[in-house]
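Peer 1: generate a structure from the sequence data that follows.
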Amino acid sequence: MAKNKPEHLLVIRLSAMGDVAMTVPVLVALSKQYPTLKITLLTRKFFSPMFATLPNVSVYEADVKGRHKGVFGLWKLYKELRKLKIDAVADLHNVLRSKVLKKYFRYGGFPVVQIDKGRAEKKALTSSKSKVFKPLKSTHQRYVDVFQKLGFPIDLSQNMVLAKADLSDEIIKITGSDSKKWIGIAPFAAFKGKTYPLELMEEVIATLNKTNAYKIFLFGGGPIQEKQLEVFSNQFENCLNMVGRLSFDKELILISNLDAMLSMDSGNAHLGAMFGIPVITIWGVTHPYAGFFPFAQNMDNALCADREKFPLIPTSIYGNKMPENYKMAMHTIQPEQVVQKIEQVLNADKNSD
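Peer 2: Numbering: from 1, shown residues only. Below you'll find the model as predicted:
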């Protein structure tokens, strides 16, 4: 089998929601362009709904905190995966866990290709002393490169996005039905360095709410974010706090029906891009040049902190490193700019109709 083209690929992509969501357009393209190829995606069970509509993609749960924990747990996982008659492995993660699995598969005689994350280039991009400020290869293209090496070149030139899904009665009972434009707002990120200050986001929401032309859906997770978003929901009549109100699969259906999504450099930006809806992104100490820009989105819709005032941006790839004097970087993005961009995107969409 090793001499022939693989018929069943194992694709490894664990970790954060945004990284997993970025695999979606690539796997859409792979499954469309190679319809007889069987694809098993190793990821968290929670992420399964992202891939539910892809006919030749199935999700295998990586229970890395339970039965697949540690070296022996990964050996158990390897033996489970072998039973699926995998032919080759595409590691889109390249971390310790996937490296251990890679060794097991290579020992078993399976071809394995691992993603090149471009760590040296990213280090240069975020350097404070010898910064090389230039756009790096996108993460989507890095994923594509892996499949190319396994014998599956992919064409991403056509927007490989998921179809808009029909709203169920359960969802409509929460959202209501009206003629307003639907805007999703995801105001949080994993790190403060890429989270738009809440007082500024409140101004954005207040301005949008005042027009009475939009219905605003607030996305987040966890009790702290839920509490903050509930404040906004109670304060503004056109706002709905969606935290904990829908299961993840139904939340994706709602996202597919939005007219636009406003997000930080975070997972929700990629969830919106999965469905090809316009995504406006806000960037603090991170930057689109690092390769995590949402799939097939307009770069004009990226609102970035002022690099003339804060020239070390990006200070990190993930937003976890922020110099003390860069805490005000996001304040250079004015709420009026954000509102103007949202309305520009929605009007463009209206004109195209």
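
Peer 1: buried residues in the longest helix along the chain?
Peer 2: If you go by DSSP state H, the chain has its longest helix at helix 335-352. For helix 335-352, the buried set under the neighbour-count rule, 16 or more other Cβ atoms under 10 Å, comprises 335, 338, 339, 341, 342, 343, 345, 346. In short, each C-beta sits where N, CA and C put it, glycine included.

Peer 1: how about stretch 126-135: buried residues?
Peer 2: Neighbour-count burial for stretch 126-135, with 16+ other Cβ under 10 Å as criterion, is recorded at residue 126.

Peer 1: that stretch: end-to-end distance?
Peer 2: The stretch stretch 126-135 measures 12 Å between its terminal residues, going by Cα to Cα, to the nearest Å.

Peer 1: pull the CA atoms of stretch 265-277 into CSV?
Peer 2: Listed next in CSV are the C-alpha coordinates belonging to stretch 265-277 (Å, rounded to 0.1, in the frame of the first residue of the first chain):
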residue,chain,number,x,y,z
ASP,A,265,-7.9,37.5,16.4
SER,A,266,-9.7,34.4,17.8
GLY,A,267,-11.7,31.3,17.1
ASN,A,268,-15.0,33.1,16.3
ALA,A,269,-13.3,34.9,13.3
HIS,A,270,-12.5,31.5,11.8
LEU,A,271,-16.0,30.1,12.6
GLY,A,272,-17.5,33.0,10.6
ALA,A,273,-15.0,32.5,7.8
MET,A,274,-15.9,28.8,7.6
PHE,A,275,-19.3,29.9,6.2
GLY,A,276,-18.0,32.7,4.0
ILE,A,277,-19.8,35.4,5.9
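
Peer 1: run the chain-centre distance for it.
Peer 2: Stretch 265-277 has its average C-alpha position 5 Å from the chain's average C-alpha position, going by Cα atoms, centre = their mean, to the nearest Å.

Peer 1: still on that earlier bit, need the buried residues of helix 335-352 in CSV (columns: distance to residue 143).
Peer 2: Shown next, in CSV, are the buried residues of helix 335-352 (distance: Cβ to Cβ, whole Å):
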residue, distance to residue 143
335, 35
338, 30
339, 34
341, 28
342, 29
343, 33
345, 27
346, 31
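
Peer 1: between the residues you listed, which is nearest residue 11?
Peer 2: Distances from residue 11 to those, taken as Cβ to Cβ, are shortest for residue 345 (32.4 Å).

Peer 1: from the buried residues of helix 335-352, which single one is nearest residue 141?
Peer 2: For the buried residues of helix 335-352, the minimum distance to residue 141 (Cβ to Cβ) is 24.7 Å, reached by residue 345.

Peer 1: and that closest one, what does it touch?
Peer 2: 260, 278, 280, 301 (Cβ atoms under 8 Å, 6 or more residues apart in numbering).

Peer 1: and the residues you listed, which of them are buried?
Peer 2: 260, 278, 280, 301.

Peer 1: sec struct for the nearest residue to the last one once chain neighbours are set aside, please.
Peer 2: Leaving aside its chain neighbours, residue 301 sits nearest to residue 280 (4.8 Å; criterion: Cβ to Cβ, 6 or more residues apart in numbering). Under DSSP: H, G, I helix; E, B strand; the rest coil, residue 280 falls in the strand class.

Peer 1: local confidence estimate at residue 280?
Peer 2: The predicted local confidence for residue 280 comes out at a pLDDT of 98.

Peer 1: quick one: residues contacting it.
Peer 2: 260, 261, 262, 263, 301, 302, 303, 338, 341, 342, 345.

Peer 1: nearest to residue 148 among the residues you listed?
Peer 2: Nearest to residue 148 among these, with distances taken as Cβ to Cβ, is residue 302, at 27.3 Å.

Peer 1: which residue ranges of this protein form strands?
Peer 2: In the chain, strands defined by DSSP state E lie at 8-12, 38-43, 57-61, 88-91, 112-114, 181-186, 214-218, 239-241, 260-264, 279-283, 302-304, listed in chain order.

Peer 1: related to what we said a few turns ago, of the contacts of residue 280, closest to residue 173?
Peer 2: Each of these was checked against residue 173 using Cβ to Cβ; the closest is residue 261, at 22.1 Å.

Peer 1: check contacts around the nearest residue to the closest one once chain neighbours are set aside.
Peer 2: Once flanking residues are discounted, residue 261 sits nearest to residue 272: 3.4 Å by Cβ to Cβ, 6+ apart. Residue 272 makes contact with 184, 255, 258, 261, 263, 278, 279, 294, according to Cβ under 8 Å, 6+ apart.
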